[in-house]
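Colleague: Here is a sequence with its predicted model. Questions after.
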Amino acid sequence: MPRKRRRHQARDQFWIGYCRKSSESEDRQVFTLQDQAALIRDYYEGLPPQERLSRPLRLVEEAQSAYRLGRPVFGNILQMAARGSVHGVIVVHPNRVSRNHSDSGAFVQRLVDGQISCLDTTSGKRYTGADSNDIFMLTLEGAMSWKDSRDKGDRILQAMRSRAAERKNMGPVPIGYRSVYRPDGERELEVEPERAALVRRLFDLAATGTYSVQGLTAEASRMGLRTRLGKSIQKSGLHLLLRNPFFKGEVRFDGIVAKGTHEPLVTEAVWERVQRALFGRRTDAGRPKDLSVRELFFFGNLLRCPKCGRSLCPYRAKGRYVYYECKNTTTHCGVCVAQPVLIEQLRAGLGAVLLGEEALGGLRTRLLESHAKKSAGEADDRRILTAEYERTQREIGEVFARRGEAAALGVQDAVDLRLEDLKRRRAELRQRLDGLHDRGAVWVEKVIRAFELSRLLQEAIFFGSRRQRELSLAAVASNLSVEGKDLMLTLRTPLRQRADTGGRLVWWRGLYDVQTEILGTVEKMEHAFSLIQTGILA
């Protein structure tokens, strides 16, 4: 049987009076640090003399939450216990020791190992490592304290989400606003005119793109813009201010985005220009100093990270290998893929939507037949409505001509009422006719043109300059992303319908219902092709 390890005991031992006050709001109703210190002193004075002999009381205080790790004072107590300098610990309640499993376990283990003889509460309860029931109850107290903090946190988070969903501000009042209370007691934010003017001026300067964040900080100091505590705004604080969507009228919290009830200080356009200016000054984006290197980056900044939505940053490794990687330092997405793999997948994806002259002729025939069938009923409805509209128009003329006779007979009011009814009917018929306007088969030719342009733009994608390639890719696809090592290519309508169904011939049947999308796609493709033809994108 192995020998029992002797407990190391320092020459000087202490009773540790641990006073803790959480920095979080849910613990603000417990005893203050001064109250805890007074209770601990009274308890220590009431201990038997033999327990106090040569073991003075050492009071320590800490204003930090015990729900998370990293309390320095509590860590010092555990280190003293390991050196044998702690006889016992006195607290007002066991939850003062810890509200997380790691610290609770570390403290209980020191009780079990005898490094700490006992834990006393000012109410008279003593926990020792010699009694398994004490250890069990102390462990249970720690678990209950953790659960209490967790439940309170969940309730607070839910309340904050509800407030954000109600379009109300969360957190401190931003600079440029102040809190006021309505007669019903509800709090709302109103613009503080003097500071709001300075904030607007700051956004206008940032939107020019000619100021660095450090330069804007100097301008804010020169203008006299201060925090609510009267201090100068620092560089980091100014950056957070310019990135805060609250100033454009949005409330964001925990994934909830809502239009706030407050008055925005800047427009959406100004805010977006500021974000582009700030992003353009970032040092962690893929910007090679040698501009010729950019030609090596086939996709430019069009690829998106599937996890955080940011643009993947291209870079060259060992002078010849090109990769696309997500550089988001907050989410650490870990997305990194080689460029040759993506180019081959892009070539295959775009090649699947190419149609020859014969296939385009057959597609045009099928779409015209489909259009004729679906528009036949509309033609009959149009004829019926047109006839009724003309009949109503004639009746209005006849009733109006009889107004003179009606006035002589004293029944003009009845005739005027009839006229109003007929005019309302005429307006209703006119509206229904306008809704049945014949767009003809123009959209069919737009479909054919979309496939013709896709072939032409593919030439620019694979053999054109960087600017031609990026504009052509954006015209053909609405989104380029990656999933693992696979390129996720979202083509525009009608190319997407062709790609989604592969070689099957049923894909064209749904094009009649997406005519507006088709027109928008062709407009983008025509614009890109015209710029390439005129030589603007050399």
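Modeller: Sure, I can see it.
Colleague: rest of the way, CA atoms for contacts and neighbours
Modeller: Fine.
Colleague: Could you list the low-confidence segments of the stretch 351-500 of the chain?
Modeller: Along the stretch 351-500 of the chain, segments meeting pLDDT under 70 span 375-381, 433-441.
Colleague: the strands in it, which residues?
Modeller: 477-483, 486-491 (DSSP state E, counting those that start in this stretch).
Colleague: Just put those in CSV and tack on distance to residue 200 and mean neighbour count.
Modeller: Below are these laid out as CSV (distance: least, Cα to Cα, whole Å; neighbours: other Cα atoms under 10 Å):
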stretch, distance to residue 200, mean neighbour count
strand 477-483, 34, 17
strand 486-491, 39, 19
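Colleague: I'd like to know which of these lies nearest to residue 135.
Modeller: Residue 135 lies closest to strand 477-483 among those, at 50.1 Å (Cα to Cα).
Colleague: now that closest one, how far from the chain's geometric center?
Modeller: Offset of strand 477-483 from its chain centre (Cα atoms, centre = their mean, to the nearest Å): 19 Å.
Colleague: could you say what helices and strands that strand packs with?
Modeller: On a contact count with 3 or more Cα pairs under 8 Å, 6 or more residues apart in numbering; DSSP states H and E, strand 477-483 meets strand 303-304, strand 486-491.
Colleague: Make TSV from those strands and add distance to residue 457 to it.
Modeller: Shown next, in TSV, are those (distance: least, Cα to Cα, whole Å):
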stretch	distance to residue 457
strand 303-304	18
strand 486-491	13
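Colleague: circling back: reformat the strands of the stretch 351-500 of the chain as JSON lines; add distance to residue 98.
Modeller: JSON lines is the format used below for these (distance: least, Cα to Cα, whole Å):
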{"stretch": "strand 477-483", "distance to residue 98": "43"}
{"stretch": "strand 486-491", "distance to residue 98": "47"}
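Colleague: that older thread, can you tell me which of the helices and strands packed on strand 477-483 is nearest to residue 370?
Modeller: Closest approach to residue 370 among those is made by strand 486-491 (23.6 Å; Cα to Cα).
Colleague: Rank the helices and strands of this structure by mean pLDDT and give me the bottom one.
Modeller: The weakest-scoring helix or strand in the chain, judged by mean pLDDT, DSSP states H and E, is strand 256-259 (a mean of 63).
Colleague: Heading C-terminal from that strand, find the next helix or strand.
Modeller: Sequence order places helix 268-280 as the next helix or strand after strand 256-259, per DSSP states H and E.
Colleague: List the buried residues for that following helix?
Modeller: Across helix 268-280, burial judged by 16 or more other Cα atoms under 10 Å covers 270-271, 273-275, 277-278.
Colleague: Name all residues that make contact with residue 71.
Modeller: Contact partners of residue 71, counting by Cα atoms under 8 Å, 6 or more residues apart in numbering, are 64-65.
Colleague: try it again with 7 Å
Modeller: Neighbour list for residue 71: residue 64 [criterion: Cα atoms under 7 Å, 6 or more residues apart in numbering].
Colleague: can you tell me how far it sits from residue 77?
Modeller: For residue 71, the distance to residue 77 equals 10 Å [Cα to Cα, to the nearest Å].
Colleague: Give me the pLDDT for residue 292.
Modeller: Confidence at residue 292, expressed as pLDDT, is 44.
Colleague: actually residue 15, not the one I wrote
Modeller: For residue 15, pLDDT reads 92.
Colleague: so how far is the helix or strand harbouring it from its chain's centroid?
Modeller: Assessed by DSSP H and E, residue 15 sits inside strand 14-20. Relative to its parent chain, strand 14-20 has a centroid offset of 45 Å by Cα atoms, centre = their mean.
Colleague: Please apply the same query to stretch 507-523.
Modeller: Centroid separation for stretch 507-523 versus its chain: 31 Å, with Cα atoms, centre = their mean.
Colleague: all strands of the stretch 101-250 of the chain, in order?
Modeller: 118-121, 126-128, 177-181, 187-191, 250-253.
Colleague: tell me what the shortest one is packed against?
Modeller: What that stands for is strand 126-128. strand 118-121, helix 132-165 (3 or more Cα pairs under 7 Å, 6 or more residues apart in numbering; DSSP states H and E).
Colleague: Sheet partners, orientation included, of that strand?
Modeller: When pairing is defined by DSSP bridges, strand 126-128 lines up against strand 118-121 (antiparallel).
Colleague: gap between the partner strand and the chain center?
Modeller: 47 Å.
Colleague: Buried ones in it, by neighbour count?
Modeller: 118-121.
Colleague: So which of these is the closest to residue 327?
Modeller: For the buried residues of strand 118-121, the residue nearest residue 327 by Cα to Cα is residue 119; the value is 49.0 Å.
Colleague: domain parsing for this protein?
Modeller: 14-154, 177-280, 292-340, 369-435, 442-534 (automatic domain parsing).
Colleague: Just send the buried residues of strand 118-121 back as CSV, with distance to residue 356 too.
Modeller: Shown next, in CSV, are these (distance: Cα to Cα, whole Å):
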residue, distance to residue 356
118, 87
119, 85
120, 87
121, 87
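Colleague: quick one: terminal-to-terminal distance for stretch 458-477?
Modeller: Using Cα to Cα, the end-to-end distance of stretch 458-477 comes to 11 Å.
Colleague: Mind listing what's buried along that stretch?
Modeller: Across stretch 458-477, burial judged by 16+ other Cα under 10 Å covers 458, 460-462, 464, 466-477.
Colleague: Please compute how far the longest helix anywhere in the chain lies from its chain's middle.
Modeller: Longest helix in the chain by number of residues (criterion: DSSP state H): helix 357-401. Counting by Cα atoms, centre = their mean, helix 357-401 is centred 47 Å from the centre of its parent chain.
Colleague: can you tell me which of the buried residues of helix 268-280 lies nearest to residue 399?
Modeller: residue 270 (58.0 Å).
Colleague: So what's the residue count around residue 109?
Modeller: Other residues lying near residue 109 total 15 when counted by other Cα atoms under 10 Å.
Colleague: Then residue 443?
Modeller: The number of residues packed near residue 443 is 20, by other Cα under 10 Å.
Colleague: contacting residues for it?
Modeller: residue 515.
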